[in-house]
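Asker: pasting a predicted model and its sequence here:
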Amino acid sequence: MADEKALLNSKETDVPDAPPPYEESPNTTTAAARPALPRPPFPLRIPALDDLRNKRVILASQSPRRRQILSYLGLPNIEIIPCTEPEDFPKSLSPMEYVLATATKKAQVVYQQEAVNEEKGEPALILAADTIVVDPLRGLILEKPRSEAQHVAMLQDLRDLGEHKVYTAIVAMAPLESARQPGYAMESHVEETSVWFDKSVTDDLIRAYVKTREGADKAGGYGLQGLGAILVDKIEGSYDNVIGLPLKATLKLIEKTLARADDDERLPDDEEMSASEEEEEHS
């Protein structure tokens, strides 16, 4: 099996799930890596993606699920460079503020690091994302489970709660053609999906699922794209948002960011007008 460094440096290959984060016990096993879903035989030919295909594109995340979803866009030069700084924003922030702040930090840290990479050159696009699972009644952000006992309790709470929310923040950064300050265009989006667990799921089934270790490295403790689907009754919103990267929203964000970055022909008055129009749009 390829070592971790080889996996991070490889391009467009299938990557197994990360090892479970909490300590192994004699009664647990690591879930086997599932094969990736098939990608289209031909790439999606639209101007924004065609422009990126011979350039550096960085995914500031080591999530194999995000990497797989992003690979459907057919970008051959995706590099995996995760942010190594701690995600330490206070939980007193609202869920949307928290997830957006975390994704923004990931993108900015990796951009500052790679913008001065003399060997590879400045990246054409950096994408970062962060996903959280939220108990809306108590306003709690559910992290990855830290132990098997906590994992069981977390899934029981989600079952008893009924509805919970999944938020994914996506941040895209691209260098400005004009090189004006601040030197880059940055756009963001937060996607919200509601998920309901099946109330008839038993404690025995939850414990059996936890033993598979599939959800041990996932916020909320389950994987909708895998065996964790047996716990879920229904969802409202984007399916791939629950997996970790809403593809439609990501594509729109890429197009928007590249359009903003292509500012070489704009005059300062044009930028002021654009800012004024944006304020009106969001008011």
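Answerer: That came in fine, so what should we check first?
Asker: which stretches of the stretch 1-150 of the chain form helices?
Answerer: All helices of the stretch 1-150 of the chain, identified by DSSP state H, counting those that start in this stretch, fall at 4-9, 47-52, 64-71, 95-114, 148-161.
Asker: reformat the ones you listed as a markdown table; add mean pLDDT, mean neighbour count and distance to Leu142.
Answerer: (Each C-beta comes from the backbone N, C-alpha and C, glycine too.) A markdown table is the format used below for the helices of the stretch 1-150 of the chain (pLDDT from 0 to 100; neighbours: other C-beta atoms under 10 Å; distance: least, C-beta to C-beta, whole Å):
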| stretch | mean pLDDT | mean neighbour count | distance to Leu142 |
| --- | --- | --- | --- |
| helix 4-9 | 41 | 12 | 26 |
| helix 47-52 | 94 | 15 | 34 |
| helix 64-71 | 92 | 22 | 17 |
| helix 95-114 | 95 | 20 | 10 |
| helix 148-161 | 96 | 18 | 6 |
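Asker: dump the ones you listed to JSON lines, plus distance to His189.
Answerer: Below are these laid out as JSON lines (distance: least, C-beta to C-beta, whole Å):
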{"stretch": "helix 4-9", "distance to His189": "26"}
{"stretch": "helix 47-52", "distance to His189": "15"}
{"stretch": "helix 64-71", "distance to His189": "14"}
{"stretch": "helix 95-114", "distance to His189": "9"}
{"stretch": "helix 148-161", "distance to His189": "25"}
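Asker: what's the closest of those to Gly244?
Answerer: For the helices of the stretch 1-150 of the chain, the distance to Gly244 is smallest for helix 64-71, at 4.6 Å, taking C-beta to C-beta.
Asker: which elements pack onto the closest one?
Answerer: Packing partners of helix 64-71 (3 or more C-beta pairs under 8 Å, 6 or more residues apart in numbering; DSSP states H and E): strand 57-59, strand 78-80, helix 239-243, helix 247-261.
Asker: okay, these, which one's buried deepest?
Answerer: strand 57-59 (a mean of 24; mean count of other C-beta atoms under 10 Å).
Asker: so what strands line up beside that strand?
Answerer: strand 78-80 (parallel), strand 125-135 (parallel) (DSSP bridges).
Asker: any chance of a markdown table for these, columns distance to Lys106 and mean pLDDT?
Answerer: Formatted as a markdown table, those follow (distance: least, C-beta to C-beta, whole Å; pLDDT from 0 to 100):
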| stretch | distance to Lys106 | mean pLDDT |
| --- | --- | --- |
| strand 78-80 | 12 | 94 |
| strand 125-135 | 4 | 96 |
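Asker: got those strands as JSON lines, with distance to Val190 columns?
Answerer: Below are the strands paired with strand 57-59 laid out as JSON lines (distance: least, C-beta to C-beta, whole Å):
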{"stretch": "strand 78-80", "distance to Val190": "23"}
{"stretch": "strand 125-135", "distance to Val190": "10"}
